[in-house]
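Engineer: make a model of this:
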Amino acid sequence: MVDVEEKKDLLALRLLIARAAQKDSLNWWEDDSLSPAGSYLLERLFPADPVEAGRKLALEAAKNRYEAALSSDNAVCHLFHLDNSGDIEYGLQGIRLADIPVPNEPISTADALQEKLIALLGPKPPFQIVGERANRCIEISIKSSTHRLSALDLAHILSWASLEGQPGHPIFPFIRHP
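Structural biologist: Presented below is the predicted three-dimensional model:
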C-alpha cells in the first residue's frame with residue numbers, strides 16, 4: 001500500500017465496522033469507544049486527544065474479537081489482519097485516526113451499515129460465502145479475478161461480508177491465504 005488515500009480508506013472501513021459493533025449500534029461486542037458514552041469517559045481519561053485514543057481502542061477491541069473468534073489462525077486473513085508479513089500494519093502507522101471520518105450516530109441495522117459501505121467505497125464486490133465455521137466465522141471465497149486484489153479490495157469484501165451478522169450476533173468473515 002503506497003497511496004495515502006488508500007490507507008485512509010482501509011482505516012475508514014475498519015473504523016466503520018468497529019463503529020457498527022459498538023454497544024449502541026449492532027452490539028456485536030462490548031465496546032463503547034466510539035459511542036457518546038465512550039466519548040464522555042475518554043475525554044476525562046485522555047484529555048490530550050480523546051478521539052484518537054477512542055479510535056485506537058476501538059480498532060484494538062475489534063482486532064482482538066476477530067482473533068479470538070478465529071483462534072489466531074495464521075492461514076486466514078480478516079479485516080483486522082490482512083497479511084502475515086505485517087507490511088500492511090506497518091504501512092498504516094503514522095496515519096492519524098482522528099482525521100478519518102467515522103459516523104457519530106449509531107449504526108443499528110444492517111441496512112444502515114450497507115448504506116455506509118456504499119457511500120464509502122461503492123457497490124458490493126463479488127464474493128461468495130463458502131460456509132459458516134465455528135465461533136460464528138464465515139469463510140469467504142472471492143469470485144474469479146484476473147488481477148491480484150489489493151489490501152483495500154480484500155478489506156472491502158470482508159466489510160461487506162460483515163453484513164451477514166445480526167444485532168447482538170456478529171459474524172467474523174475471513175479468507176484463506178493461498
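Engineer: which residues touch Asp49?
Structural biologist: Asp49 is in contact with Ala98, counting by Cβ atoms under 8 Å, 6 or more residues apart in numbering. To be clear about C-beta, it is placed using only N, CA and C from the backbone, and glycine gets the same treatment.
Engineer: can you check Lys124 too?
Structural biologist: 117-118, 160.
Engineer: show me where the chain has its strands.
Structural biologist: 76-77, 128-132, 137-141, 172-176 (DSSP state E).
Engineer: partners of Ile140 in the sheet?
Structural biologist: Ile129 (DSSP bridges).
Engineer: wait, it sits on Phe172?
Structural biologist: No. Counting by Cβ atoms under 8 Å, Ile140 stays clear of Phe172, with 10.6 Å between them.
Engineer: so which of the strands of the chain gets nearest Asn104?
Structural biologist: Set against Asn104 and scored by Cβ to Cβ, the strands of the chain come closest in strand 172-176, at 25.5 Å.
Engineer: the more surrounded of Ile140 and Phe172?
Structural biologist: Phe172 (25 against 22; other Cβ atoms under 10 Å).
Engineer: circling back: list buried residues within the contacts of Lys124.
Structural biologist: 117, 160 (16 or more other Cβ atoms under 10 Å).
Engineer: what's the closest of the contacts of Lys124 to Val76?
Structural biologist: Relative to Val76, the closest of the contacts of Lys124 is Trp160; by Cβ to Cβ it sits at 17.1 Å.
Engineer: give me the distance between that closest one and Leu79.
Structural biologist: Distance of Trp160 to Leu79, given as Cβ to Cβ, to the nearest Å: 10 Å.
Engineer: which other helices and strands contact the top helix by length along the chain?
Structural biologist: Ranked by residue count, the top helix of the chain under DSSP state H comes out as helix 50-69. Applying 3 or more Cβ pairs under 8 Å, 6 or more residues apart in numbering; DSSP states H and E, one finds that helix 50-69 makes contact with helix 4-21, helix 36-45, strand 172-176.
Engineer: how about those, which one is nearest Asp87?
Structural biologist: With Cβ to Cβ as the measure, helix 4-21 is the member of these nearest Asp87 (12.0 Å).
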